[in-house]
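Student: structure for the following, please:
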Amino acid sequence: MPYSQSPIWLDQEGVMKLLPDIDLLSVMRETFAAFGNGKAIQPPQALTAFSANRGDFITYSGVLEAEGVFGAKLSPYIVGDDRAKVTAATLLMDMRTGMPLFLCDSLVLTTERTAATTALAVDLLASNAAENLAIVGGGPVALAHLRQVLPLRNWKTIRIFSPKIASRKDELLSRLGPLASRIEFVADRTAIAKGADVVMLCTSSGKPVIDCEAISKGTLVTSISTNVAGAHEVAPSFLPLSNVYCDARTTTPAIAGEMRLASELGWSVDEILGDLADLVCSRARMANPNKPSFFRSMGLGIEDISIALAVYRRFLTGSNI
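Tutor: Residues are numbered from 1 along each chain as shown. Prediction:
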């Protein structure tokens, strides 16, 4: 479709109005198919620190050549007197003219694209017979993950663990709505993974949040963690025992905390069986059924650009432009 001749800005409220009309899982699937077929370019993310410990920002850039779009998301972390401020904004530009097309608030989009990327991994890696889902985390990111994976399998049990579950249970029940009746809230962190077919780690923790010894063969564990140096939601020792996959093998191993630490212990990035592009394009190596599987995502610029482009296009179809 043709793009607007005038740049468009959407704030968070405007973005949220359009999101329900977008199939985010399909957007991510198409994005990684393009990446795998050489029609998208993904540079490493770039961290820029401010002076005097005032914070930093990460630039997530990328190119969607088939769409004629390039751009970047800027994700600042601003140190404040009482609480750090986290924001995000994505800019899309036209490859033909070099002119800006779209600028939008991306705080909510980041949550949603993260969950959709994990859901794609679950759809591609989890057993078709998977029926027991476990989630570590109780914030917006965890709930977005739940929404995205809910239609992918016939889940018979859904369990959630969060360290603050006792004080936040009523809030979570309210956010879950009718889905709340299907959720079991678990108070014991060590028990959350037992018997699970899929375990989604949806925290910003810098250290392991589950007992990896409780993970059974064939179980899929997904992790997002955080960009803080060395952060990891699973012990580095879990990687040699697992079938390891990631969102992008060209970027993630250099920044994922557990991968860097595991490398120091003798694990090699060559043991990664594939990334999402490999999986979508059916080029990933087969998993060993006698091991659990581990999927790690760090967030990619092409994800941010693709989801922002989907919002932009949805806006254009609803306007007179």
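Student: distance check, the closest residue to Ile8 other than its chain neighbours against Ala229.
Tutor: Counting by C-beta to C-beta, 6 or more residues apart in numbering, Ile8 lies nearest to Phe102, which is 5.2 Å off, once chain neighbours are set aside. For the C-beta atoms, the positions are set from N, CA and C on the backbone; glycine is no exception. For Phe102, the distance to Ala229 equals 32 Å [C-beta to C-beta, to the nearest Å].
Student: more neighbours, the two?
Tutor: Counted by other C-beta atoms under 10 Å, Phe102 and Ala229 do not tie: Phe102 has more neighbours, with 25 against 10.
Student: so that one makes contact with Leu91?
Tutor: Yes - when contacts are counted by C-beta atoms under 8 Å, Phe102 is listed as touching Leu91 (7.3 Å).
Student: pull up the overlap in contacts between these two.
Tutor: Among the neighbours of Phe102, none is also in contact with Leu91 (C-beta atoms under 8 Å, 6 or more residues apart in numbering).
Student: surely Glu184 is within a strand?
Tutor: Yes - Glu184 sits within a strand when classified using DSSP: H, G, I helix; E, B strand; the rest coil.
Student: ok, it to Leu239 distance?
Tutor: From Glu184 to Leu239 the distance is 29 Å (C-beta to C-beta).
Student: between these two, point out the one with more neighbours.
Tutor: Remark: of Glu184 and Leu239, Leu239 carries more neighbours, 26 against 10, as counted by other C-beta under 10 Å.
Student: ok, that one - contacts?
Tutor: The contact partners of Leu239, by C-beta under 8 Å, 6+ apart, come to 258-259, 262, 267, 271, 294.
Student: which members of those residues are the farthest-apart pair?
Tutor: Glu258 and Glu271 (13.0 Å; C-beta to C-beta).
Student: look at the residue nearest the centre of the chain and give its secondary structure.
Tutor: The residue lying closest to the centre of the chain (C-alpha atoms, centre = their mean) is Thr114, at 2.4 Å. Under the three-state scheme (three-state DSSP), Thr114 adopts helix.
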